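Peer 1: Next come a sequence and a model predicted from it.
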Amino acid sequence: MITVENLRKTYGDFPAVVGSDFSVESGEVFGIVGPNGAGKTTTLKMLAGLIEPTAGSADVLGFDPEDPAMRRKLGFLPEESPLYEDMTPRSYLRFFADLYDVPRDVADDRTNAVLDRLDLEYRDRRLGDMSKGMKRKVAIARSLVNDPELLIYDEPASGLDPLTTNVVLEFVRELRNDGKTVVFSAHNLFHVESICDRVVIMNRGEIIARGTIPEIRDEHGETAYRVYTTVELPESEREGDRFVSVVETMDEVESLRQAAADAGGTVSDIRTDEASLEDIFLRLARDAPTKSTTEGGRGVS
Ligand SMILES: Nc1ncnc2c1ncn2[C@@H]1O[C@H](COP(=O)(O)OP(=O)(O)OP(=O)(O)O)[C@@H](O)[C@H]1O
């Protein structure tokens, strides 16, 4: 559905995206995750044909992203989506349906169904009087007005309250069940962890990890073992009437078992702590070489 090869974008001499390679399969939810300035929006805009790559190539739905034929099959949700304040959701969505030559009754059915699923009651209220979350829902409905195969959403749930965030993320998950392919960006790793089939993690323009969440965990995450003992051991901490030591290998677990036995106690429980995507990301970002050493010139964090 999408193939990206050595995609690069430089603003002046500033490398915003540095040679990305990835592919997105039909019917998956694909996440691009990373902190502010990682290059997520720049990547998505290149895929949507809104900015031209400096080098490399992207194939989107079999088209060059700048081909207008691709845009008719795409729904793009920008990070900030200013809506026409004096319009209502109904008039606004009809306006976009007309741009895509979608018949009025088809468009009304389609957008009403989306707004029902997103729990947006007010269809005739002035957009300028609506909350950020309501406007986001209208912008999402707009992205679906042409019934596209592919959705590219830039930070769909950013800045929304927890309830609205859940509604939006759940909706993205349901889009996959409708047979859509979704590529979306997030800086909140929880958003990605909860709904993506596969992700790439970006930092300073580079992809620093990729795969399914379990694959990334296997490759980059350190599993920790919490070993509970009935006796205090060096470096253990009291938890209720037990003591807990945290170690990273089974050999260390075995040593603790021996130490507990030597002290006249036993191991009463062993639990595994899986690294969260956030833990993994923080470690990868900390260990990654800075662009100024690899690229010569990107001295911005
Ligand atoms: N038009 C531009 N001119 C110059 N630099 C730009 C331009 N657009 C983006 N950049 C820079 O490129 C880098 C990547 O920006 P981008 O918006 O792609 O990051 P992002 O991961 O989407 O971040 P955020 O989460 O803050 O939106 C940033 O350092 C940004 O300042």
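Peer 2: Perfect, I can see it now. Numbers count the residues shown, from 1 in each chain.
Peer 1: Can you list phi and psi of the residue of the stretch 51-200 of the chain found nearest the ligand for me?
Peer 2: The ligand sits closest to His187 of the stretch 51-200 of the chain, with a gap of 5.0 Å, by Cβ to the nearest ligand atom. C-beta: built from backbone N, CA, C; applies to glycine. Taking degrees, to the nearest 10, you get phi -100, psi -10 for the backbone angles of His187.
Peer 1: And for Ala275?
Peer 2: phi -70, psi 140.
Peer 1: pretty sure it is touching Arg217, no?
Peer 2: Yes - counting by Cβ atoms under 8 Å, Ala275 touches Arg217, with 6.2 Å between them.
Peer 1: And the strands in the stretch 1-150 of the chain?
Peer 2: 2-11, 14-24, 29-33, 55-60, 74-77, 150-154 (DSSP state E, counting those that start in this stretch).
Peer 1: export those strands to JSON lines and tack on mean neighbour count and distance to Leu83?
Peer 2: Formatted as JSON lines, the strands of the stretch 1-150 of the chain follow (neighbours: other Cβ atoms under 10 Å; distance: least, Cβ to Cβ, whole Å):
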{"stretch": "strand 2-11", "mean neighbour count": "17", "distance to Leu83": "27"}
{"stretch": "strand 14-24", "mean neighbour count": "19", "distance to Leu83": "27"}
{"stretch": "strand 29-33", "mean neighbour count": "25", "distance to Leu83": "24"}
{"stretch": "strand 55-60", "mean neighbour count": "18", "distance to Leu83": "25"}
{"stretch": "strand 74-77", "mean neighbour count": "21", "distance to Leu83": "12"}
{"stretch": "strand 150-154", "mean neighbour count": "23", "distance to Leu83": "15"}
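Peer 1: Any chance of JSON lines for those strands, columns distance to Tyr100 and mean pLDDT?
Peer 2: Shown next, in JSON lines, are those (distance: least, Cβ to Cβ, whole Å; pLDDT from 0 to 100):
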{"stretch": "strand 2-11", "distance to Tyr100": "21", "mean pLDDT": "96"}
{"stretch": "strand 14-24", "distance to Tyr100": "23", "mean pLDDT": "94"}
{"stretch": "strand 29-33", "distance to Tyr100": "24", "mean pLDDT": "94"}
{"stretch": "strand 55-60", "distance to Tyr100": "18", "mean pLDDT": "95"}
{"stretch": "strand 74-77", "distance to Tyr100": "10", "mean pLDDT": "95"}
{"stretch": "strand 150-154", "distance to Tyr100": "15", "mean pLDDT": "97"}
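Peer 1: Could you point out which of those strands sits nearest Thr41?
Peer 2: For Thr41, the closest of the strands of the stretch 1-150 of the chain is strand 150-154, at 5.6 Å, according to Cβ to Cβ.
Peer 1: Who does that closest one pair with, and is each partner parallel or antiparallel?
Peer 2: strand 74-77 (parallel), strand 181-186 (parallel) (DSSP bridges).
Peer 1: The first one and the ligand in contact?
Peer 2: No - Strand 74-77 is not in contact with the ligand by Cβ under 6 Å from any ligand atom; minimum separation 13.3 Å.
Peer 1: What mean pLDDT does the helix or strand that contains Glu174 get?
Peer 2: Using DSSP states H and E, Glu174 sits within helix 162-177. Mean pLDDT, helix 162-177: 92.
Peer 1: Check stretch 250-257 too.
Peer 2: On average, stretch 250-257 scores 92.
Peer 1: Now find how far off-centre it is within its chain.
Peer 2: What separates the centre of stretch 250-257 from the centre of its chain is 37 Å, taken as Cα atoms, centre = their mean, to the nearest Å.
Peer 1: Then stretch 235-253?
Peer 2: Relative to the centre of its chain, stretch 235-253 is centred 34 Å away, using Cα atoms, centre = their mean.
Peer 1: Same question for stretch 258-271.
Peer 2: Per Cα atoms, centre = their mean, the centroid offset for stretch 258-271 relative to its chain is 42 Å.
Peer 1: buried ones in it?
Peer 2: Buried residues in stretch 258-271, counting neighbours by 16 or more other Cβ atoms under 10 Å, are found at 259-260, 265, 267.
Peer 1: can you give me the helices for the stretch 1-150 of the chain?
Peer 2: For the stretch 1-150 of the chain, the helices defined by DSSP state H, counting those that start in this stretch cover 40-47, 68-71, 89-99, 104-117, 132-143.
Peer 1: Was I right to think the residue of the stretch 51-200 of the chain closest to the ligand contacts Pro35?
Peer 2: Yes - with contact defined as Cβ under 8 Å, His187 and Pro35 form a contacting pair (5.7 Å).
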